[in-house]
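**Student:** need the 3D shape of this:
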Amino acid sequence: MRYDVVTLGEPLLRLTPPRYKPLDKADVFEVEVGGSEANTAAALAGLGLSVAYLTRLTDNPLGKLIADTLCGYGVDTHHITWTSRDRVGTYYYEDAAPPRQPRIIYDRAGSAASKIRPSDLPEALFGFEQARVLHLTGITAALSYAANGTALHALKRAEESNWRLSFDVNYRSRLWSPADAQTGIEPFLRVADLAFIPLRDARLIYNQSDATPVERVLDALGAYYPQTVWVMTLGADGSMARDRDGTMWRQPAYPAYTVSRIGSGDAFNAGFLAAYLNKAPLPEALRWGSACAALKRSQPGDIARLSTADVKRVIDAGDGDVLR
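**Tutor:** Residues are numbered from 1 along each chain as shown. The predicted structure is shown next:
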């Protein structure tokens with residue numbers, strides 16, 4: 001078996017004015033590589049898993065920056081499709097301290113990744129048991145008609161090759177409506193072995209009121225998709241997991257000094273998935289996810305710099321006390 005995880009998605013360059021400057025006052029931008037699937041891939045590689053990343057990138061210095069960055073984290077980027085056309089997707093992030101709110105402006109229309117097609121995927125990669133898991137997200141499903149079709153094709157090939165599917169709902173209101181999202185993620189969730197969803201997304205997509213207890217929301221998801229292990233993030237309240245038989249576990253968030261929240265959900269997914277693939281019980285996988293999210297919050301940038309040793313230290317410390 002060549003890879004633990006293969007993932008497919010759109011990488012992005014993030015441009016951020018330093019020192020909490022508003023975007024309309026910016027004269028300098030710091031550049032970070034991001035994108036949900038790219039973040040997850042890099043975090044998984046840091047935890048010792050073998051990971052391949054599939055995308056379509058513009059063959060220019062910006063595309064090379066993305067590929068080189070991911071390669072530096074240990075992600076296999078050899079299967080990326082390069083094109084002389086199109087562009088690299090970007091987004092602008094205005095960091096802010098209270099009472100100001102952070103702001104994001106996306107500039108991704110017409111990106112090379114949004115035009116990816118099934119023919120861009122390396123057919124040889126999708127051999128029988130060449131990977132254990134295909135990890136996809138709702139962002140790719142919503143990105144464009146072409147990206148959606150390519151994700152569905154990747155899913156079909158993965159099923160034929162005896163891979164499992166990990167799916168992160170990752171709802172983006174700027175890409176589709178809740179109703180469209182519910183319809184669009186259906187083909188993926190119908191066969192997902194493992195699914196991640198924030199509580200806020202579950203309430204929005206599946207019309208669950210704020211008064212509905214989290215356990216009932218999870219049970220509703222389990223009724224829709226009984227073959228799936230559901231993992232729900234609850235923000236500052238931690239996370240929960242629901243096994244196929246309806247058993248649930250809850251994990252508080254580990255304390256962290258927040259430097260940047262960006263990418264913490266992707267880091268959580270990586271930690272949980274790494275433990276899950278190592279056959280850890282679901283409560284232990286929740287601890288790994290929570291520890292990775294805490295580590296990411298303590299770091300700048302979009303990508304979590306993780307190691308198994310750091311994750312174990314967070315879990316062993318429990319309350320976040322300083323190790324002496």
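**Student:** pull up the gap between the spatially closest residue to L70 that is not a sequence neighbour and G63, please.
**Tutor:** With CB to CB, 6 or more residues apart in numbering as the criterion, L70 has its nearest non-adjacent residue at 5.4 Å, and that residue is T77. All C-beta atoms are positioned from the backbone trio N, CA, C, and that covers glycine. Applying CB to CB, to the nearest Å, the value for T77 to G63 is 11 Å.
**Student:** and what of Q130?
**Tutor:** The spacing between Q130 and G63, counted by CB to CB, is 25 Å.
**Student:** of those two, which one has the most company?
**Tutor:** G63 (23 against 17; other CB atoms under 10 Å).
**Student:** for that one, what is the enclosing helix or strand?
**Tutor:** Using DSSP states H and E, G63 maps to helix 61-72.
**Student:** for L221, same thing?
**Tutor:** Secondary-structure element containing L221, defined by DSSP H and E: helix 214-224.
**Student:** by contact count, what packs against that helix?
**Tutor:** In this structure, helix 214-224 makes packing contacts with helix 199-205, strand 229-233, strand 239-242, judged by 3 or more CB pairs under 8 Å, 6 or more residues apart in numbering; DSSP states H and E.
**Student:** now the ones you listed in a markdown table, with mean pLDDT?
**Tutor:** As requested, those are arranged in a markdown table below (pLDDT from 0 to 100):
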| stretch | mean pLDDT |
| --- | --- |
| helix 199-205 | 98 |
| strand 229-233 | 99 |
| strand 239-242 | 98 |
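**Student:** closest one to P300 among the ones you listed?
**Tutor:** Comparing these by their distance to P300 (CB to CB), the top pick is strand 229-233, with 21.1 Å.
**Student:** which parts of the closest one are buried?
**Tutor:** Within strand 229-233, the residues that qualify as buried by neighbour count (16 or more other CB atoms under 10 Å) are V229, W230, V231, M232, T233.
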